[in-house]
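J.: please find the sequence and the predicted model below.
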Amino acid sequence: MINLQMAEFVRSAAKREDFPRDGLPQIVFSGRSNVGKSSVINRLLGRKNFARVGSAPGKTTHINYFKIDGKFYLVDLPGYGYAKVSQAEKARWGRLIQSWFDDPTLMTLGCMLVDARHKPTADDCTMGNWFKETGRPYVVVANKLDKLKKSEIEPNLQRIRETLELDKSVKVIPFSAEKGDGRDALLGELAEHIGEGFR
């Protein structure tokens, strides 16, 4: 059983040569810079401030690797769609992420975060296509569920599915980093692809 509390920061990768290739499963998280990615990762690991919650969105400009109990990597991609980053920085970021996705041996499972309240943006659709093109399994995590009324949940999840043109095999997991809803479902997906459960 994997102990989620045993989490350590390993490295920030700024170029292709920095990506670990030691055969451990890599679970990758991506999302817009204000979607609450750090909060989702913290909730998942049961840690308060493990993945630093940025004071300003768009702070993470490298690919950050966390090793969990020596068993798998949690890979945190830079948040995208943040306006205050220069075009040159956006282009560099795009090339870095593209080089990560270009190597299909790296990703074990993708977790693409979107905001449950809103229709996915053009940037979200681009990211969705990157996930699709790897041919690797991925799930869509609709965060900020606690901000929706009960009656809005189903239609919003359907809108996310339609906008991202998701195949039936791709799960959309409603999630609240605030309240913890969806944590068990997401951990279940991780366990299935890592081949080991959590404690």
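T.: That came through, no problem. Residues are numbered from 1 along each chain as shown.
J.: now the helix-or-strand element of the chain with minimal mean pLDDT, how far from the chain's geometric center?
T.: Using mean pLDDT, DSSP states H and E, the weakest-scoring helix or strand in the chain turns out to be helix 87-101, at a mean of 85. Centroid separation between helix 87-101 and its chain, computed with Cα atoms, centre = their mean, to the nearest Å, is 16 Å.
J.: now for the helix or strand following that helix, which elements pack on it?
T.: Helices and strands here follow DSSP states H and E; after helix 87-101, the next one along the chain is strand 109-115. Contacts defined by 3 or more Cβ pairs under 8 Å, 6 or more residues apart in numbering; DSSP states H and E place strand 109-115 against strand 26-31, helix 122-134, strand 138-143, helix 183-194. Backbone N, C-alpha and C define where each C-beta goes, glycine included.
J.: name the SS class of Leu157, please.
T.: helix (DSSP: H, G, I helix; E, B strand; the rest coil).
J.: thought Val35 was touching Arg117?
T.: No - in this structure, Val35 is not within contact of Arg117 by Cβ atoms under 8 Å, at 10.3 Å.
J.: what do these two both touch?
T.: Counting by Cβ atoms under 8 Å, 6 or more residues apart in numbering, the common neighbours of Val35 and Arg117 are Lys144.
J.: more crowded one of those two?
T.: Val35 (26 against 13; other Cβ atoms under 10 Å).
J.: per-residue confidence for the more buried one?
T.: pLDDT for Val35: 92.
J.: A helix includes it, no?
T.: No - read with three-state DSSP, Val35 is coil and lies in no helix.
J.: got a list of what it touches?
T.: Counted by Cβ under 8 Å, 6+ apart, Val35 has contacts 79, 113-115, 143-144.
J.: return the member of those residues nearest to Val28.
T.: Using Cβ to Cβ, Leu113 comes nearest to Val28 of those, at 10.9 Å.
J.: let's have the helices and strands packed on strand 109-115 in JSON lines, adding mean neighbour count.
T.: Compiled in JSON lines, the helices and strands packed on strand 109-115 are given as follows (neighbours: other Cβ atoms under 10 Å):
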{"stretch": "strand 26-31", "mean neighbour count": "24"}
{"stretch": "helix 122-134", "mean neighbour count": "17"}
{"stretch": "strand 138-143", "mean neighbour count": "25"}
{"stretch": "helix 183-194", "mean neighbour count": "16"}
